[in-house]
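Undergrad: Pasting the sequence and the predicted model now:
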Amino acid sequence: MLRFHTAGESHGQGLLGFLSGLPAGVPVDSAYVNRELQRRQGGYGRGGRMRIEADAAQFLSGVRHGQTVGSPIAILIENRDWENWKETLAVEENPAARAQSKPLSQPRPGHADLAGCLKFNLHDARYVLERASARETAARVALGALAKLFLRQLGMEVASHVVAVGSVKLAGESVPFGRILALRDQEIVLNCVDPETEARMKAEVDRALKGRDTVGGTFEVVAHGVPPGLGSCGQWDEKLDGQLAQAVMSIQAVKAVEIGTGIENAAAFGSKVHDEIGYSREASRFTRPSNRAGGLEGGITNGEDVVVRGYLKPISTLRQPLGSVDLETKEPVKAAYERSDVCVVPAAGVIGEAMVALVLARAFLEKFGGDSLQETRRNYDAYMQQVRNL
Ligand SMILES: Cc1cc2nc3c(=O)[nH]c(=O)nc-3n(C[C@H](O)[C@H](O)[C@H](O)COP(=O)(O)O)c2cc1C
């Protein structure tokens, strides 16, 4: 069973990621993992923090001589900004340092500040936001990179692109996977496959910047080469569409998740929605001329690309803060502001790739097992023969 966790705070010493259950023998290229971390840091509209950090993964366990060895993997990503926060976030009680640091007591509408203070009985939202912050996702992206390296060994690739920033949307039907994958070789601006749309997306971010505002949008993650039969219709929590939805919804600021063209489908008649079934005798496989189901039917993959979209709200830290209430005085105040991003849709797409890869790797290992990559591959090959023989 593939399991993963993260620990660490936004301005703490570093982020930690833990992954257990990955078979032995998966080649691990740390340059690839670091490249994924850099992709998460990129994109037009990121704030000053991303210029401070230069994320790199240190493998503390589970990887030896460029391969997984079957033991739990622990990864550390140091926070460069920690130098400036050692006092504010000191581990030991230090009354002098504490007296100097001002509590963050003007909760930001839309952030975790107020809900977290109420929950944990805190008067300083600093302790809440440090963990709620999406800085945590650096650890998820590092772990997701390992899941991607595993999936790649079995013929699967996961990629993402941005389909909307604010009111600017990519027009047209589904984008060929090759075009989405090709974006990886370019520096991320807004990660849109169409340069003209990307230019309009950039102008939308500029408009938000100029208005001292923020802007959300939509990313799409596509997993290619996924076999039929992952997930199950057996129980509610075995359904892979549900697991993917939870994984993508767990990304900070994602407020809606869509599988395939689920939202559009809800407004159309069935005859215009469902993907007809064909069969290719040469390939010995069932075919679909369209993929509006996003590769999932009954909570089970059907052999088509898995397509998941995440919808992000605009970032809640505003240069022109909304109204709030001081946690101590209960008087009306303006919400707190600190250095912040304006648009994070491309970065959220990279995080989405990591989450989708982790969920697919887990479902894959649940079905095929294996303590070594060779064993997993043997089981997988035998199953694919059975699928072709159906
Ligand atoms: C890549 C990424 C970067 C983010 N950067 C910021 C930021 O700079 N400032 C901010 O207020 N929120 C930022 N967020 C969103 C907050 O972390 C998020 O809104 C907050 O934790 C509350 O959680 P919720 O929006 O999921 O309810 C970011 C989200 C992502 C995915």
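TA: That came in fine, so what should we check first? Residues are numbered from 1 along each chain as shown.

Undergrad: which one in the protein is furthest away from the centre?
TA: Farthest-out residue of the chain from its mean C-alpha position, per C-alpha atoms, centre = their mean: residue 96, at 39.3 Å.

Undergrad: Can you classify that residue by secondary structure?
TA: helix (DSSP: H, G, I helix; E, B strand; the rest coil).

Undergrad: per-residue pLDDT, it?
TA: Residue 96 carries a pLDDT value of 81.

Undergrad: quick one, strands of the stretch 1-150 of the chain?
TA: Along the stretch 1-150 of the chain, the segments classed as strands by DSSP state E, counting those that start in this stretch run 3-8, 14-20, 57-61, 63-64, 67-68, 73-78.

Undergrad: Residue 275 - nearest residue in space that isn't next to it in sequence?
TA: Counting by C-beta to C-beta, 6 or more residues apart in numbering, residue 275 lies nearest to residue 288, which is 4.3 Å off, once chain neighbours are set aside. The way it works is simple: take the backbone N, C-alpha and C, and place the C-beta from them, glycine included.

Undergrad: Please name the residues that touch the one you found.
TA: 275, 276, 277, 278, 302, 304 (C-beta atoms under 8 Å, 6 or more residues apart in numbering).

Undergrad: Which entries within the residues you listed meet the buried criterion?
TA: Listed as buried from the contacts of residue 288 are 275, 302, 304; burial here means 16 or more other C-beta atoms under 10 Å.

Undergrad: ok, so of those, who is nearest the ligand?
TA: residue 304 (27.4 Å; C-beta to the nearest ligand atom).

Undergrad: Where does residue 377 sit: helix, strand or coil?
TA: Classified using three-state DSSP, residue 377 is helix.

Undergrad: Pull up the gap between the residue nearest to it when sequence neighbours are not counted and the ligand, please.
TA: Leaving out its chain neighbours, the residue that sits closest to residue 377 by C-beta to C-beta, 6+ apart is residue 154, at 6.7 Å. Going from residue 154 to the ligand by C-beta to the nearest ligand atom, to the nearest Å gives 28 Å.

Undergrad: Of all the strands of the stretch 1-150 of the chain, which one comes closest to residue 246?
TA: Closest of these to residue 246 is strand 3-8, at 13.7 Å (criterion: C-beta to C-beta).

Undergrad: Counting by contacts, list what that closest one packs against.
TA: When contacts are defined as 3 or more C-beta pairs under 8 Å, 6 or more residues apart in numbering; DSSP states H and E, strand 3-8 sits against strand 14-20, helix 137-153.

Undergrad: Does the ligand have contacts with the shortest one?
TA: It refers to strand 14-20. No - Strand 14-20 does not reach the ligand (C-beta under 6 Å from any ligand atom); its nearest approach is 13.2 Å.

Undergrad: Residue 99: neighbour count?
TA: Using other C-beta atoms under 10 Å, the number of residues around residue 99 comes to 8.

Undergrad: show me the contacts for the closest residue to residue 82 other than its chain neighbours.
TA: Leaving out its chain neighbours, the residue that sits closest to residue 82 by C-beta to C-beta, 6+ apart is residue 13, at 5.1 Å. Residue 13 makes contacts with 78, 79, 82, as judged by C-beta under 8 Å, 6+ apart.

Undergrad: Tabulate those in TSV, adding columns for neighbour count and distance to the ligand.
TA: Formatted as TSV, these follow (neighbours: other C-beta atoms under 10 Å; distance: C-beta to the nearest ligand atom, whole Å):
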residue	neighbour count	distance to the ligand
78	17	19
79	22	15
82	14	17
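
Undergrad: Let me know the closest of these to residue 185.
TA: So of the contacts of residue 13, ranked by how close each gets to residue 185 (C-beta to C-beta), first place is residue 78, at 27.7 Å.
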